[in-house]
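# my questions concern the predicted model and sequence given below.
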Amino acid sequence: MLQSQLFAKTKKTAPKDAQVISYKLLARADFIEQSFSGVYRFLPLGFKVLKKIEDIIREEMVALGAQEVYLPALQNKNLWLETNRWKTIDPPLFKLEDRHQKEIGLGSTHEEEITDIIRHRIKSYQDLPFFLFQIQNKFRNEMRPTGGILRTREFLMKDLYSFHADENDLVKFYEKVKKAYFKIFQRCGLSVICVEASSGTIGGELSHEFMVLSLCGEDEILTCKKCGFAANVEKTGEIKNCPKCKSKLEKKSCIEVGHIFNLGTKYSQVMKAVYIGQKGKSQPIVMGCYGIGLPRLMAAVVEISHDKAGIIWPKEISPFDVHLIKIEDTPKVKRVAEKIYKDLQKTGKEVLYDDRDRSPGEKFADCDLIGIPQRLVVSERTLEKECVEVKKRNEIKTKLLKIKSLKID
RNA sequence: CGGGGUAUAGUGUAACGGUUAGCACGAGUCCUUUGGGAGGAUUUAGUCCCAGUUCGAAUCUGGGUACCCCGACCA
């Protein structure tokens, strides 16, 4: 991509309302823009990152054996009446009317929808288990959106649902999902802590949250160094000592990037999603649901991976692999830079090539702000040695590499 | 929803009730510049909305709207 063609205008100043670093940097680098309270636009750079996160998640879901579906955001009121959540779910549903004054819900989660789908199809224990997921927009009528894209009213979410004949089978899968989640977050450059959580209006007996330590987080967790116990304060209350080994607990702020629920038969019972067991008896299907909020994950990455100059993207979710910059607009510099640009693309690299006629300082500032992991500079100075300068975004030192033998990982 | 705050150009900001609303960045044109947001010349664009007080309102009052923060809820 030629930077002169990139639809992005970086800014020196953050929006005046911006409080959290992730929003400040993402807005300055023109990845995202607020439309109105709790609603954000993803511009080309931001959308690329979101797509990369989506790809990672999809890969790991498929690896679990899950199949992808795409369910509607507009939801049938009657299904929500069945579970009694039409009025009780918190945050409440966005509701709208069609032209015949019939009420419709905008989906904030899809338990009703998915349970309706499977109850017409599952007949016997032989149909179980199976797993469905989607990556789709959720709408939540939050009391107050906060922290840029950390908490918004419309956001892209991956939700996975699993269906089992019994609790044992669910628990086995639940543990597999945990592992998959660790892998997803690790690939996104995050280290997370899995904690016991309370399950809110999604319901179920048991749930776990995946937490990224960050001072701007809205959650607080208690961790035990000795035995590894970890829980959300919401779950345990304000306790001082570990309920398992009695050691002192540590309290930390964090961002919840994922939440998994053992739903048990909460939805299958009220919605009559049943199967015929081996002994011929009808039994409710045991369910689990597993969510990751993509924009929040993206914000969490920026919160923990940045410096004064800008964002530092982890390799797998960076909008580009390499940021190539030319300094001085001489024919030779231009020619060499363009060749490197094309050669790198041939090797499968996504390259952002700053072909603009701007001052070096401005280009470097933009480069640091946007945060692509590798920077390449071509200038008269480097060409004297038949080299390009290579620098990693998270390192200070630069090195010169011969153009002939240039290899970028 | 309760409490608090803010609203001036595309962005960030300044202006005791008193001339033509100032500055910086951005953007446009021209010239010079090219290793950490370059310099000069020139142009561009603004008081959230509706009332009121006043000789006079960006400024004071009332109402509205929007946004932000704290609380509750969440991926």
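All right, it came through fine. Numbers count the residues shown, from 1 in each chain, chains lettered A, B, ... in the order given.

# dump whatever helix or strand residue A:303 lives in to CSV, restricted to CA.
Per DSSP states H and E, residue A:303 falls inside helix A:294-304. What follows is helix A:294-304, C-alpha atoms only, in CSV (Å, rounded to 0.1, in the frame of the first residue of the first chain):
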residue,chain,number,x,y,z
LEU,A,294,-12.8,-7.8,19.2
PRO,A,295,-12.6,-4.0,19.6
ARG,A,296,-11.9,-4.4,23.3
LEU,A,297,-9.2,-6.9,22.6
MET,A,298,-7.7,-4.4,20.1
ALA,A,299,-7.8,-1.6,22.7
ALA,A,300,-6.3,-3.8,25.3
VAL,A,301,-3.4,-4.6,23.0
VAL,A,302,-2.7,-0.8,22.6
GLU,A,303,-3.1,-0.2,26.3
ILE,A,304,-0.3,-2.6,27.1
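
# need the next SSE after that helix, C-terminal direction.
strand A:306-307.

# average pLDDT for that following strand?
If you average the pLDDT over strand A:306-307, you get 96.

# what's that strand in contact with?
Defining contact as C-beta atoms under 8 Å, 6 or more residues apart in numbering, one finds that strand A:306-307 is touched by A:21-22, A:25, A:312, A:368, A:371. C-betas here are computed from N, CA, C, even on glycine.

# any idea how far the most centrally placed residue in chain A is from RNA strand B?
The residue lying closest to the centre of chain A (C-alpha atoms, centre = their mean) is residue A:294, at 2.7 Å. Counting by C-beta to the nearest atom of the strand, to the nearest Å, the gap from residue A:294 to RNA strand B is 7 Å.

# any idea what sits nearest that residue, other than its immediate chain neighbours?
Spatial nearest neighbour of residue A:294, chain neighbours left out: residue A:156 (4.3 Å); criterion: C-beta to C-beta, 6 or more residues apart in numbering.

# hang on, that neighbour in a strand?
Yes: assessed with DSSP: H, G, I helix; E, B strand; the rest coil, residue A:156 lies in a strand.

# if it is in a bridge, with which residues?
Per DSSP bridges, the residues bridged to residue A:156 are residue A:137.

# just residue A:103 next, same as before
residue A:97.

# hmm, it is touching residue A:77, no?
Yes: counting by C-beta atoms under 8 Å, residue A:77 is a contact partner of residue A:103 at 5.0 Å.

# show me what from the stretch 201-350 of chain A comes close to RNA strand B.
Neighbours of RNA strand B within the stretch 201-350 of chain A, by C-beta under 7 Å from any atom of the strand: A:201-202, A:210, A:218-219, A:234, A:256-259, A:291-293, A:295-296, A:309, A:327-329.

# of the residues you listed, which belong to strands?
Using DSSP state E, the subset of those located in strands is A:210, A:219, A:256-259, A:291-293.

# check contacts around residue A:295.
Applying C-beta under 8 Å, 6+ apart, the residues near residue A:295 are A:40, A:42, A:50, A:149, A:152, A:155-156.

# out of the residues you listed, which is most surrounded?
Counting neighbours by other C-beta atoms under 10 Å, residue A:149 comes out on top of the contacts of residue A:295 with 30 neighbours.

# can I take it that that one is in a helix?
Yes: checked against three-state DSSP, residue A:149 lies within a helix.

# would you mind measuring from it to RNA strand B?
Residue A:149 is 7 Å from RNA strand B, by C-beta to the nearest atom of the strand.
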